[in-house]
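In: generate coordinates for the sequence data below:
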Amino acid sequence: MVEVDRTRNICNEVGCKACCCHDMWYVTKQNEKDVLSWFPKAVATYEEAMTHRAPGVYYCKYLDGYLIHAVGWCPNLDRVTRNCTRSESNRPPACSNFSIADSSCNESRKEDGFLPITAEEVMEKIVSGVDLELEKW
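Out: Numbers count the residues shown, from 1 in each chain. Sure, this is the predicted structure:
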């Protein structure tokens, strides 16, 4: 097994285009204070959270937590480096738990027109240092 340094952006190193960092929906059981710590400019509104509007982050109360909808690119994404600008300890759980080459990753890739990738391909690229080809469907 290859040890991976958590400070490295493996997605970036293998050539990923941050498909998972735009037009996101997630539900969290955290409180409103947490939502606003992740997205300080988020707007609390049911209507905006449920519909595609202007780029931004919208949220509303949902069951025993909150529904968050980021329209457009995540405001925490550095578009040049494709790194998250939030520290690992201050990211939404959905982002911290997202793994390259898992079903969520490949669903995001598919929505952006890219072929799925496997964990084996990712590990091969990490070890070899070669960019992962981002072939379109």
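
In: and the nearest residue to Glu32 once chain neighbours are set aside, what helix or strand is that in?
Out: Nearest residue to Glu32 in three dimensions, chain neighbours excluded: Tyr66, at 6.6 Å (C-beta to C-beta, 6 or more residues apart in numbering). In this view, the C-beta of every residue, glycine as well, is placed from N, C-alpha and C. Using DSSP states H and E, the element containing Tyr66 is strand 65-73.

In: buried residues of that strand, list them for me.
Out: Gly65, Tyr66, Leu67, Ile68, His69, Ala70, Val71 (16 or more other C-beta atoms under 10 Å).

In: bridging residues for Phe114?
Out: Beta-bridge partners for Phe114, by DSSP bridges, are Lys136.

In: need the contact list for the nearest residue to His22 once chain neighbours are set aside.
Out: Leaving aside its sequence neighbours, His22 sits nearest to Trp73 (C-beta to C-beta, 6+ apart; 4.6 Å). Counting by C-beta atoms under 8 Å, 6 or more residues apart in numbering, Trp73 makes contact with Ala18, Cys21, His22, Pro55, Arg79.

In: one more time with 7 Å
Out: Cys21, His22, Arg79 (C-beta atoms under 7 Å, 6 or more residues apart in numbering).

In: which ones among those map onto strands?
Out: His22 (DSSP state E).

In: just name the closest of the contacts of Trp73 to Ser89, please.
Out: Cys21 (18.5 Å; C-beta to C-beta).

In: how many neighbours does the closest one have?
Out: 22 (other C-beta atoms under 10 Å).

In: quick one, helices of the chain?
Out: Along the chain, counting by DSSP state H, helices occupy 10-13, 32-38, 46-50, 93-96, 103-111, 119-128.

In: name the helices or strands packed onto the fourth one?
Out: Based on contacts counted as 3 or more C-beta pairs under 7 Å, 6 or more residues apart in numbering; DSSP states H and E, the elements that helix 93-96 packs against are strand 22-28.
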